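> What shape does this take:
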Amino acid sequence: MKTAFRRPDIQDAFLAVLLVIVALMGYDPANWLLAGVCAAAVAVRRRWPIPAFAVALLATVVSPSATADLAVPLILYTIAAHRRRGVSLPLLGAGLVVATARSVYGTGDGWQYTGPFGSGGQTLQPEEGTAGIPVLGALLVVAWAIGWGVQSRRAYLDELARSAALAVAAERARIAREVHDVVAHGLAVIVMQAQGGAAAFAKRPADTLAALDTIVATGRASLADMRHVLSSLDQVTDAAPVPGLADLPRLVDQVRQAGTPVELRVDGAARAVPTGVGVSAYRIIQEALTNTMKHAGPGARARVSVTYGVTEVVLEAVDDGRPVAAGTGNGLRGMRERVALLGGSVTAGPGPDGGYVVRARIPLDPAGPA
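Below is the predicted model of the structure:
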């Protein structure tokens, strides 16, 4: 029963019955018809709010009564809560005009029962002028204000829900980029080690064992990175720290062990940077070296430089492999998205002397894109 009463149509029917009861208290059959009309208007106020308001307001003009003066504010509340202000305000004005007219053309100061009690002619009626501005007008203003407040709160909550949905989408995109970077780099190293180990198996079994050790270490490191990325979904507190610029030597050594010579150069005074900057810088270099291993061809060499400026970090990853057209894959798109979120810039494409070049500039005080 409690759940059923929450249904809007049940609530409106209940209010309509209450209004009919108020009308019947007067024992005046002359007003029962108008009371029934007002009750019906309240019952359909959600489906046809504006016609219902017009009918109830007309009833207050034809025969002022408590039933009519309660129905009009109820319907106005519904309109203010669900329609734009350009619709509800004129209707509030129309109601205030009727209330003012009743105040101007009548006198008196209160609702009262007319006719001797128990005579059968007793009815709840306003004294002349009383249900104008002091009663009906006040009820209309209060009903409109409450309805408009409900609509404003609903709009605010909807905006919060939209903002939350955008935040969830952004977090999903971030996790997707992290997963791509971790998996792509780990698999590139594993594939190269597996190919080298298979080639050396017949004549250099020791090299094959070393390649297998590297595959195991790379797989474990990739799994650890994956657990860290996915831990953000359930707030795991014992996850490994996020990678940053200080972890680039380990990354470079990993790529060297996979068979690609890499030179790492750091210019300027290395220092702590914001976590977002450090993670993005690491992932950009990781993606660039992964592309070198995948696309530059055998014998390619790579050079990585990190320059610490006063206001920004400049990254460059260059290889001398075979020419590759500018790509549009997930990795490069992820680079651009990371840097754009931090208010920086990135370029990637074939170098002037062959090979491939990735350059990125990331502000040390990221404020997001302008």
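
> And the strands in the chain, which stretches?
111-114, 123-126, 262-267, 302-308, 312-319, 345-350, 356-363 (DSSP state E).

> Pipe those into a markdown table and attach distance to W32, mean pLDDT and mean neighbour count per row.
Where you see a C-beta, it was placed from the backbone N, CA and C, and this is true even at glycine. Shown next, in a markdown table, are these (distance: least, CB to CB, whole Å; pLDDT from 0 to 100; neighbours: other CB atoms under 10 Å):
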| stretch | distance to W32 | mean pLDDT | mean neighbour count |
| --- | --- | --- | --- |
| strand 111-114 | 15 | 46 | 14 |
| strand 123-126 | 10 | 47 | 20 |
| strand 262-267 | 92 | 93 | 14 |
| strand 302-308 | 87 | 94 | 19 |
| strand 312-319 | 81 | 93 | 22 |
| strand 345-350 | 77 | 90 | 16 |
| strand 356-363 | 76 | 92 | 21 |
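
> Surely A43 and A16 touch.
Yes. Proximity of A43 to A16 meets the contact threshold set by CB atoms under 8 Å, at 4.2 Å.

> between those two, who's got more neighbours?
Using other CB atoms under 10 Å, the more surrounded residue of A43 and A16 is A16, with 21 against 18.

> ok, now how distant is that one from R47?
Computed as CB to CB, to the nearest Å, the A16 to R47 distance reads 13 Å.

> V135 too?
For V135, the distance to R47 - CB to CB - is 28 Å.

> Next up, the contacts around A59.
Shown in contact with A59 (CB atoms under 8 Å, 6 or more residues apart in numbering): 34, 37-38, 41, 65, 67-68, 71.

> nearest to K294, of the residues you listed?
A41 (72.4 Å; CB to CB).

> Now do the helices in this structure.
For the chain, applying DSSP state H gives helices covering 2-5, 8-24, 29-43, 49-62, 66-82, 85-104, 138-200, 205-231, 248-257, 275-295, 330-341.

> Could you tell me the least trusted of these?
The weakest mean pLDDT among those belongs to helix 2-5, with a mean of 52.

> circling back: can you name the two of the contacts of A59 that sit furthest apart?
A41 and S65 (13.5 Å).

> so V17 touches A39, yeah?
Yes. With contact defined as CB under 8 Å, V17 counts as touching A39 (7.4 Å).

> would TSV of the strands of the chain with distance to T292 be doable?
As requested, the strands of the chain are exported to TSV (distance: least, CB to CB, whole Å):
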stretch	distance to T292
strand 111-114	88
strand 123-126	88
strand 262-267	8
strand 302-308	5
strand 312-319	4
strand 345-350	12
strand 356-363	7
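
> closest to V279 out of those?
Closest to V279 of these is strand 356-363 (CB to CB; 10.6 Å).

> List the neighbouring strands of the closest one plus their orientation.
Its sheet considered, strand 356-363 pairs with strand 312-319 (antiparallel), strand 345-350 (antiparallel) by DSSP bridges.

> Out of the ones you listed, flag the one nearest A56.
So among the strands paired with strand 356-363, strand 345-350 is nearest, using CB to CB, at 63.2 Å.

> Could you tell me the angle between that closest one and helix 275-295?
Here strand 345-350 runs at an angle of 10 degrees relative to helix 275-295 (axes from the mean of the first three to the mean of the last three CA atoms, to 10 degrees).

> Strand 345-350 relative to helix 330-341, how many degrees between them?
150 degrees.

> Output strand 345-350 as PDB, restricted to C-alpha atoms.
Provided in PDB are the C-alpha atoms of strand 345-350 (Å, rounded to 0.1, in the frame of the first residue of the first chain):
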ATOM      1  CA  SER A 345      51.300  19.700 -27.000                       C
ATOM      2  CA  VAL A 346      52.700  16.700 -28.900                       C
ATOM      3  CA  THR A 347      53.800  16.000 -32.400                       C
ATOM      4  CA  ALA A 348      54.600  12.600 -33.900                       C
ATOM      5  CA  GLY A 349      55.700  11.700 -37.400                       C
ATOM      6  CA  PRO A 350      58.500  10.700 -39.700                       C
END
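
> Surely G278 is in contact with L245?
Yes. Applying CB under 8 Å, one finds G278 in contact with L245, separated by 5.2 Å.

> coming back round to it: more neighbours: which of V135 and R47?
V135 (21 against 11).

> So the closest residue to the more buried one other than its chain neighbours versus G334, what's the distance?
The shortest distance from V135 to any non-neighbouring residue, by CB to CB, 6 or more residues apart in numbering, is to D69 (6.5 Å). For D69, the distance to G334 (CB to CB) stands at 65 Å.

> Kindly report the same for P274.
The value you get for P274 to G334, if CB to CB is used, is 19 Å.

> just A35 next, same as before
69 Å.

> Distance of A56 relative to L92?
Distance from A56 to L92, by CB to CB: 14 Å.

> same check, this time on R256
Shown here: R256 relative to L92, a distance of 77 Å by CB to CB.

> Mind checking which of the two has more residues around it?
Set side by side, R256 and L92 show more neighbours around L92, with 23 against 14, by other CB under 10 Å.
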